[in-house]
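Student: need coordinates for the following:
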Amino acid sequence: MIHVSQKHRVVGVPFDPRVANIFPTARRVTLKGNELLVVPHGMDETRFLRNLGHDIPAPILSQYDWCGGKPYEVQRRTCAMLTTSRRAFVLNGLGTGKTRCAVWSFDYLRSVGLATRALVVAPLSTLNFTWKREVFMVAPHLSVGVLHGDKKRRLRTLAEDHDIYVINHDGIKVIEKELREREGLDMMIVDELATYRNGTAARSKCAQRIAKGMDWVWGMTGTPMPNEPTDAWGQCMVVNPELVDKRMTRFRDEVMVKVTQFKWVPKRDATETVFRTMQPAVRYSLDDVVELPQLVVRAQEVESGPKQLKVYDTMRVHAHSMVENKEITAANAGAVLNKLLQISLGYVYNSRREVVELDGLPRQQALLDAISSTDRKLICWVPYTHALNGIAERLEKEGIDYRIVDGSTSKSKREETFTLFQNTDKVKVLLAHPATASHGLTLTAADTIVWYGPTTSLETYEQANGRITRIGQKAKQQIILLWATGVERRLYARLRKKESVQRDLLSLFADASA
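Tutor: Below is the predicted model of the structure:
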C-alpha cells in the first residue's frame, strides 16, 4: 500500500531494503500494522521509487492547486505523465483539453523550481486565440509573449521577461539562434507536432536543434500518423531522437515494405511499432472524458486577416449610417447582413457577381486543426455556396479526402457521397451547404461538426446538427462554431438560445452595425 500525505508532501512505501539504502534518512513507521518508509514526495524520489517497482503517483496530483478550474480525470492523468517525463507525447483527441494540460504542467514544474520558461511552437492561427487566451484563463499569473511579426519585433518580444513565449512552426527559423541562446528557456511544447513529420525538412531540422538544448520537450498531436507510419520518425526526432534510428530509411524499413520500385505500404504491425516508439505517451479521446455530456457545443474565435478587417469595417460603417438615417428595411437589412457574414468567411461577391477571396487563412487553419485532431469523420457546414470551392482548394492542397455537396450536386452524386461517407473508410470530410444536406440524413460516421460560419435559419441550424446526434451514434459529439466578427458571435448566440433570427432581423442588423 502506498500512502501519500498531501500536507507534508511525503509518501509512505512498504519497507524495502533497496529504498532504505537509497534514502538512508527515511523514517520507519508502522501504520495499521504495515511497516513503511516515509520518503519525500518529490520528482526525483518518485522516479527512483518507480524504477524500483513502486506505483508512486505523480506529485502534481496531490501538491498542485489546479488554477483555472477543476481538471477532468483524463487531464489529471495527462499532467501526471507530463510532469514526470522530460520527453513525452500527448496524443489526445480534439476537445480533451491538451492545451490546458500543458499550461498546468508547466505552471506546476515552474512552481517547484524544475522549469523556468517555456517555448510553445504552434499553428499561426492559435498563437493568440488559443494559447495566449488559454494561459490567461488558466494561469493569469503567467506572462505570455507572442513571437510574431518581422524579425526585429520577434526579438524585441523575446528580450522581454515572459514565462511563456509562443511562436508559429515556421517562425522558429527566423530567430533560431536567439531562441537557442535565450537564458532560462528550458521547456519546448510543440502543438500539432505532426507538422514536423518530414524530419528532413529545413523547419523540422530547426525544431530538432532547438529541442536538443531543452530540459523538457513535449509533443502534442491528435494524429501521429496523418499519412503513413513513417510520419512518426520526424516527430520522434524532435521530441526524443533517442527513440529512433537517425536514418529515416532504417525506420521506414521497420514499418513499411517495398512492393514496387516506387511504392511502399505499411507492414501489418506498423501501428504497434509506432506505438512502442512514441513513448512515453497518453492517448485519450473525447469519449474518455466522462465528465462531459454526450454533446459538446463550443464557440471558437479565429483571427481575421487585415484585408478582411478593412472590408468588414467599411461595410459596418455603411450599415451604421443606414441605421442612423433610418434607411433600413427587412429587405436591405438582410442583404447587408449577408454581406457582412460573407466577408467574415473570407469569400465575397463583388458588384459583377465575381467571387473575391479575402485573407481568411486563420479560419481555414482552424478547420484543418479540427480535421487533424479527430480519429473519426467530420462535417463542415458552409452557409454560402461561393465559399465552398475556396475551402475545397485548401483541403485538396492538404491531401484531405473530401466531397462537396451543394445545390448543384445531382441526386445520384449526393447519394453516392453520403453512402461513401457513412458506410466506408473513404471521405474524411463532408463539405456541404447546410440547406442541401441538413434534413433526413444519418451521418453518424462523423463525431464532429464545424460550422465555418453561422446560418441565419434556426431550423437549418438544428436540422444540420441533428445529422450526427441520431440513433446509431456511438461516440461523443462536438459542434465547433467558428467566428471572428461581432455579427457572427451575436448570430451564434441567438441560434444557441433557439431564437428566430428572421423574427429579429432588424434588431440583429442594428447590433451588427454598431
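
Student: for the strand or helix carrying residue 158, packing partners?
Tutor: Residue 158 is located in helix 151-159, with elements delineated by DSSP states H and E. In terms of contacts (3 or more CB pairs under 8 Å, 6 or more residues apart in numbering; DSSP states H and E), helix 151-159 is packed against strand 144-147, strand 164-168, helix 176-181. For glycine as for every other residue, the C-beta is placed from the backbone atoms N, C-alpha and C.

Student: show me the helices in the stretch 1-150 of the chain, by range?
Tutor: Taking DSSP state H, counting those that start in this stretch as the criterion, the stretch 1-150 of the chain contains helices spanning 17-22, 43-51, 60-63, 73-83, 98-111, 133-138.

Student: pick the most buried one from those helices.
Tutor: Among the helices of the stretch 1-150 of the chain, ranked by average contacts under mean count of other CB atoms under 10 Å, first place goes to helix 98-111 (a mean of 24).

Student: which strands or helices does that helix pack on?
Tutor: Identification of packing neighbours for helix 98-111 by 3+ CB pairs under 8 Å, 6+ apart yields helix 60-63, helix 73-83, strand 87-90, helix 133-138, strand 185-191, strand 216-220.

Student: reformat these as JSON lines; add distance to residue 205 and mean pLDDT.
Tutor: Listed next are these as JSON lines, based on distance: least, CB to CB, whole Å; pLDDT from 0 to 100:
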{"stretch": "helix 60-63", "distance to residue 205": "33", "mean pLDDT": "95"}
{"stretch": "helix 73-83", "distance to residue 205": "25", "mean pLDDT": "97"}
{"stretch": "strand 87-90", "distance to residue 205": "18", "mean pLDDT": "97"}
{"stretch": "helix 133-138", "distance to residue 205": "28", "mean pLDDT": "93"}
{"stretch": "strand 185-191", "distance to residue 205": "14", "mean pLDDT": "97"}
{"stretch": "strand 216-220", "distance to residue 205": "15", "mean pLDDT": "97"}
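
Student: any chance of those in TSV, plus distance to residue 388?
Tutor: Shown next, in TSV, are the helices and strands packed on helix 98-111 (distance: least, CB to CB, whole Å):
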stretch	distance to residue 388
helix 60-63	46
helix 73-83	36
strand 87-90	33
helix 133-138	29
strand 185-191	28
strand 216-220	31
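
Student: among those, which is nearest residue 232?
Tutor: Proximity of those to residue 232 was assessed by CB to CB; the nearest stretch is strand 87-90, lying at 9.5 Å.

Student: residues making contact with that closest one?
Tutor: 78, 81-82, 98, 101-102, 193, 216-221, 224, 235, 239-240, 278-282 (CB atoms under 8 Å, 6 or more residues apart in numbering).

Student: same check on stretch 359-367?
Tutor: Contacts made with stretch 359-367 from outside it, assessed by CB under 8 Å, 6+ apart, are listed as 123-126, 129, 300, 302-308, 345-347, 380, 391, 394, 450, 452, 482, 484.

Student: how about stretch 100-116?
Tutor: For stretch 100-116, contacts defined as CB under 8 Å, 6+ apart pick out 42-43, 59-60, 63-64, 66-68, 71, 75, 78-79, 82-83, 90, 92, 118, 120, 134-135, 138-139, 142, 163-164, 184-187, 189, 191, 215-216, 218, 220.

Student: that older thread, so which of the helices and strands packed on helix 98-111 is nearest residue 338?
Tutor: helix 133-138 (29.2 Å).

Student: put the alpha carbons of the closest one into PDB.
Tutor: Extracted C-alpha coordinates of helix 133-138, given in PDB (Å, rounded to 0.1, in the frame of the first residue of the first chain):
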ATOM      1  CA  ARG A 133      -6.100  33.200 -24.200                       C
ATOM      2  CA  GLU A 134      -5.900  29.800 -22.500                       C
ATOM      3  CA  VAL A 135      -2.900  30.800 -20.400                       C
ATOM      4  CA  PHE A 136      -4.800  33.900 -19.300                       C
ATOM      5  CA  MET A 137      -7.900  31.800 -18.500                       C
ATOM      6  CA  VAL A 138      -6.000  29.000 -16.600                       C
END
